[in-house]
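Colleague: Task: produce atomic coordinates for the following.
(chains A, B and C)
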Amino acid sequence: MNWQTLIFGNLSWSVLPENAIAWFGALTVIAGVLAVVGVVTYLGRWQWLWDEWFTSLDPKKIGVMYIVVALVMLVRGGSDALLMRAQQATSVGDSYGILTSTHFQEIFSAHGSIMIFFLAMGFMFGLINLIVPLQIGSRDVAFPFLNSLSFWLFFAGAALINCSLIFGDFSTAGWLAYPPLSELRYSPTSGVDYWIWSLQIGGLGSLLSGVNFFATIVKMRTKGMNWMRLPMFSWTVLGSMTLVIFAFPILTVTLALLYLDRTAGMHFFTAELGGNMMMYVNLIWAWGHPEVYILILPAFGVFSEVVPVFSGKKLAGYTSMVFSVWAIVVLSFIVWLHHFFTMGAGADVNAFFGIMTAVIAVPTGVKIFNWLFTMYRGRIRFESPMLWFMGFVVLFTLGGVAGVVMAEPPADYQLHNSLFLVAHFHTMIVSGVLFGYFAGLTFWFPKIFGFKMNEKWGIRAFWFWLIGFILAFGPLYLLGFEGATRRLDHYSSSLGWQPLFIVAGIGAISIAIGFSCQVAQLVATFRDYKRNRVGNDPWDGRTLEWSVASPAPSYNFAALPIVHSRDEFWEEKHGASTQEQKFEDFSMPKNTGAAVIVSSFVFLLGFGAVWHIWWLVIAALLGATIAVLVHVFNEDSEYAVSGAQLAHREAGLQYPTSL
Amino acid sequence: MTDEFDRSGILSVDEKSKDSTIVFGFWMYLMTDLVLFASLFVVFVVLRGPEYGGASIKNTFDLQYVFIETIALLVSSFTCGLALLFAREGNVRGTVSWLLATFVLGAAFVAMEVSEFSRLLAQGLAPARDGFLSGYFTLVGTHGAHVTVGLLWLLAMVVAIAGRGLSRGNMRKLALFAMFWHFLDVIWIFIFTIVYLMGVL
Amino acid sequence: MRRSTIVLLSIFVLALAAATFLYVRSATIAVLDPAGPVALAEKNIIITATFLCALVVVPVFFLLFFFAWKYRADSPQAQQSHKPDWDHDSILAEVIWWLVPAVIIAILGVIAWNSSHALDPYRPLESDVATIPIDVVALDWKWLFIYPQQGIASVNLVEFPAGTPVHFYLTADAPMNTFWIPQLAGQVMVMPGMTTQLNLAASKTGDFNGFSGNISGKGFSGMAFTARAVDQQTFNTWIASIKASSTPLTQEAYIMLAAPSEYNPVAYYDLAEPNLFGAIESTYMNPGSAMPQVSQGMTVTP
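Modeller: The predicted model follows:
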């Protein structure tokens, strides 16, 4: 081993981008980072950022940071999607499109990984952070520092995956990196290692969050909030976090074993010497299928809050809704094999998993009926959260039909890994998960900032997203029937697929316009924040979060509420319940930068592991360990809040409304 | 926002409920660790078949040696429990001595495991040889890594208790450490049974 | 929601439906245009399942838009009919929500059970005609078809008589692929070190497109092949001409062929190594044996 390998591992000048489009990606990242650094420096806001945001343990602020990072990742993943659409619309017959096949494969691998791990998961944990403590009448989460650490690990993972734009390449093995393609023999560059480590680090953050919010909901509910009074969003989060606790360790193991295969020459999933690639496929889907429900359950929760509020009615069939959440949680662990019916496992096995998969449609269908009957005899206000709901029901139901069809193993033989499948899961994740989160963001935004989001741009965004989605994915359903498999960078002109790919490209552009509308919406929202300012309860809400000031104070509740009914705040407004304000002393966690420091070390560890810079791995591990120990054994981590003082403030307090 | 409140004194508000939340959260963490080990067990069992080279190692296991390892870990679990008992009585000295005893036994366990590994490596039975050995080294090694982390934690506990005494924070961490240590014991029982006993018999 | 929005939306939906209808009428939709009994049965399951689901979906759509219109906040009716506390906590209603989808899913479950067994890809087709076994090897990045009975091999084209059941045995000397001829039968995975099976038959002659559905590396998009169903006479002639005039597929020739290459043209071989298929599969099974495949990185582009 020469000194260069010792110091730089596998890094060398040759890892820099190879072609114009890759350089463009790299320079965009560099320019973006420089622009943010420049603006913050110019405004002199570093101290403010550090004190008020980076070191904050306030879940509402952590939630905002999650959503900011998630939306930036949506830009990255969305750009990937546009490139893919451009390639598939043009690369036919004698034309080979704008991307090389390897580059195209890197792009779709990155698109899937980023959208699931760093858009959807980030957005989900953002919303959970914003609302769950408020909704259950708690001042904080169970483990505030852990919460900050989760966010910063998520950020480190996101940073690492984007490093691959500049140094080296990314995995070309798809978002789940099936071996043996992802093994060293077929993927000798560091691309798969980037995939492994960014997911491993981001996944660790998710796992910690899962433990944290599970404990928060179980242990931190306010007095009187028994299980059958828990708001629906919190119920779905509890279900989702249960899945995180049971599913994410499997991902951790799977990724670690793949890395051992690649780095230490082991034989877990190799084709030769006793490895078993189907074991990888089983393991990754034992995580991967619950993952889908981890994402969708909180979206169901959002709609279970949005529909009653905008219909001015109680949620219909609350008990049924709770039961269906847990039915989904349990069932989601016994369906993973439907992702590979084509493995040839035998008729009995396939039939069992097919039936279980179809059975999940029952609790899901029940949820849809209950939302509909929440609208029945309501007074429905079609503001943008409700529009997202309408779009969701239409698309999600159709996507669900596609899912039920594919649950029939022989039908799946024809549709597996075709563009039909791609269209199906995008329907579930875009119109299910993403539409739900958009609705949730619009809905809860005023609680966090004290002003509403701009409605005009919000509605425009909705229509461009909806129509764009139909145009982008409708053709893919048809293409799947025509035999088009996923991940093709080129196809023969005799197949006649090009017109549909062009329509899909137009749809993608419409979605991009929809997203631009959302950017405009954010700009307009913050520009006119004074005009958009609203009171504590802008939507005529029902649950506890609407009972406190907007923006919610750092301690959420000056006096912890006592809950007497399911829609406590609604009952209070209608005189059916009253709160006795009882101010007590309590303690709050102090801000700490420990999570930032630990996560920086973990980022370096990941980077070192990707490039085999072993001294960096050891140093970073040491640094992270010391930083954790220093934080854990620091007993001066809380400050006291006097109830008497708060009571005094509550009487005449105007909360600061600026950021 | 500026410092809105007086941050000087630390109030002990509802410390009991905080304790119970922390213990609950730690149980949840142990649950995730359990899933992690369960996955590794599954992997090990899948790769154990003779067609994967599983026969290569069976004859080299020394049950007696592993039994001594097991005893060391089991006794360390017992001494860890004693340390906790002394801590509850407020006896710093007793706590620290039993913790150190736990450390010695735990370190002996890790040392024996390392020497077992190096013996196998010297015989050419390396993890990169075949799927079975990959599974064996990874499962047993992950447990060993957990024990090593536990030893580090233990040392930090000793330093903290010697320095600050049995403060509320230290008591809490000690209780969690004991849970962790017993958990590793339970995992080891499974490894002993599934990897060694079932491997040899 | 304004009236103009609803009108525009209706126009969009109608236009979309019309365009889809016209497209489906004019284009060949492989999965919906089966040319063999297996693909036909699979198509029927897709259609049946879709119609069963429609029994739930149509009422959902109707109720969604009906309620949305009837109970919109600015409709005069909504003021009168508004019942803020109505949450229908009635057992009967709940039983209906759960029961209706459950019954449909139960029917689908029965179909899943029966069809999984009837259409098990490993299950040989029943026929008076003797089945032809064909071995398939997925390579980087082309398909090798070996005819053990006829003693020939071909690349990227598989020919067999129409009306004769074909039993494919599949393995890979490359990363994982799937083997798919949409007009004849659904996919099955193709993996190194393992053999999977697929039974199908063509009920008419013709050329059918074949694909791989699983990403297998750089040249994956070129993993397409043609499945050609011909009459028995043509098939016999085809075999004879290959045997007469093709290069022999020896161990060495196979190693050359297995080297990564993209967009390969169709090629024919006279099978010189009868145990080739078994040898390819078993090289991955025995720890310590040498790989037949030549070194990576050597790409032959024709």
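
Colleague: Where in chain C is the helix or strand with the lowest mean pLDDT?
Modeller: helix C:76-81 (a mean of 74; mean pLDDT, DSSP states H and E).

Colleague: scratch that, chain B is what I was asking about
Modeller: Bottom-ranked secondary element of chain B by mean pLDDT, DSSP H and E: helix B:55-58, a mean of 63.

Colleague: buried ones in stretch B:158-166?
Modeller: By neighbour count with 16 or more other CB atoms under 10 Å in any protein chain shown, stretch B:158-166 contains the buried residues B:158, B:160, B:161, B:166. Quick note: C-beta positions are derived from backbone N, CA and C, even for glycine.

Colleague: ok, is that stretch in contact with chain A or not?
Modeller: Yes: interface with chain A: stretch B:158-166 contributes B:160, B:164 (CB under 8 Å from any CB of the partner chain).

Colleague: which other residues reach that stretch?
Modeller: A:633, A:635, B:87, B:90, B:92, B:95-96, B:99-100, B:103, B:170, B:173-174 (CB atoms under 8 Å, 6 or more residues apart in numbering or on different chains).

Colleague: go on, stretch C:233-250?
Modeller: Surrounding stretch C:233-250, the residues in contact under the criterion CB under 8 Å, 6+ apart are C:147, C:150-154, C:159-161, C:230, C:253, C:257, C:268-273, C:276.

Colleague: Now, those residues that are in helices?
Modeller: C:253, C:257, C:276 (DSSP state H).

Colleague: Throw those into JSON lines and include pLDDT, distance to residue A:255 and neighbour count, thanks.
Modeller: Shown next, in JSON lines, are the ones in helices among the contacts of stretch C:233-250 (pLDDT from 0 to 100; distance: CB to CB, whole Å; neighbours: other CB atoms under 10 Å in any protein chain shown):
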{"residue": "C:253", "pLDDT": "93", "distance to residue A:255": "40", "neighbour count": "17"}
{"residue": "C:257", "pLDDT": "95", "distance to residue A:255": "35", "neighbour count": "21"}
{"residue": "C:276", "pLDDT": "92", "distance to residue A:255": "37", "neighbour count": "23"}
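
Colleague: Show me where the stretch 151-300 of chain C dips below the pLDDT cut-off.
Modeller: C:285-300 (pLDDT under 70).

Colleague: At which residues are the strands of it located?
Modeller: Taking DSSP state E, counting those that start in this stretch to define them, one finds strands in the stretch 151-300 of chain C at C:152-155, C:157-161, C:166-172, C:177-181, C:185-190, C:196-200, C:206-210, C:225-230, C:247-249, C:267-271.

Colleague: can you list those strands in a markdown table and add mean neighbour count?
Modeller: Shown next, in a markdown table, are the strands of the stretch 151-300 of chain C (neighbours: other CB atoms under 10 Å in any protein chain shown):
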| stretch | mean neighbour count |
| --- | --- |
| strand C:152-155 | 24 |
| strand C:157-161 | 21 |
| strand C:166-172 | 23 |
| strand C:177-181 | 29 |
| strand C:185-190 | 28 |
| strand C:196-200 | 21 |
| strand C:206-210 | 18 |
| strand C:225-230 | 22 |
| strand C:247-249 | 16 |
| strand C:267-271 | 20 |
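
Colleague: So which of these is nearest residue C:283?
Modeller: When these are compared by CB to CB, strand C:166-172 sits nearest residue C:283, at 10.3 Å.

Colleague: Looking at chain C, which residue reaches furthest from the middle?
Modeller: Distance to the chain centre peaks in chain C at residue C:80, reaching 54.6 Å (criterion: CA atoms, centre = their mean).

Colleague: ok, and for stretch C:94-111, which residues are buried?
Modeller: Quick answer for stretch C:94-111 (16+ other CB under 10 Å): C:94, C:97, C:98, C:100, C:101, C:102, C:104, C:105, C:108, C:109, C:111.

Colleague: Now the fifth one. Nearest residue, chain neighbours left out?
Modeller: Meaning residue C:101. residue A:365 (4.0 Å; CB to CB, 6 or more residues apart in numbering or on different chains).

Colleague: just to revisit the earlier point, the least confident helix or strand of chain C vs chain A: in contact?
Modeller: Yes: for helix C:76-81 and chain A, the contact criterion (CB under 8 Å from any CB) is met by C:78, C:79, C:81.

Colleague: Check whether residue A:535 really touches residue A:548, as I assumed.
Modeller: No: using CB atoms under 8 Å, residue A:535 is not in contact with residue A:548; the gap is 11.5 Å.

Colleague: Could you pick out the residues of the stretch 401-550 of chain A near chain C for me?
Modeller: Residues of the stretch 401-550 of chain A lying near chain C (CB under 8 Å from any CB): A:401, A:404-405, A:407-418, A:467, A:470, A:474, A:478, A:480-483, A:485-492, A:495-496, A:500.
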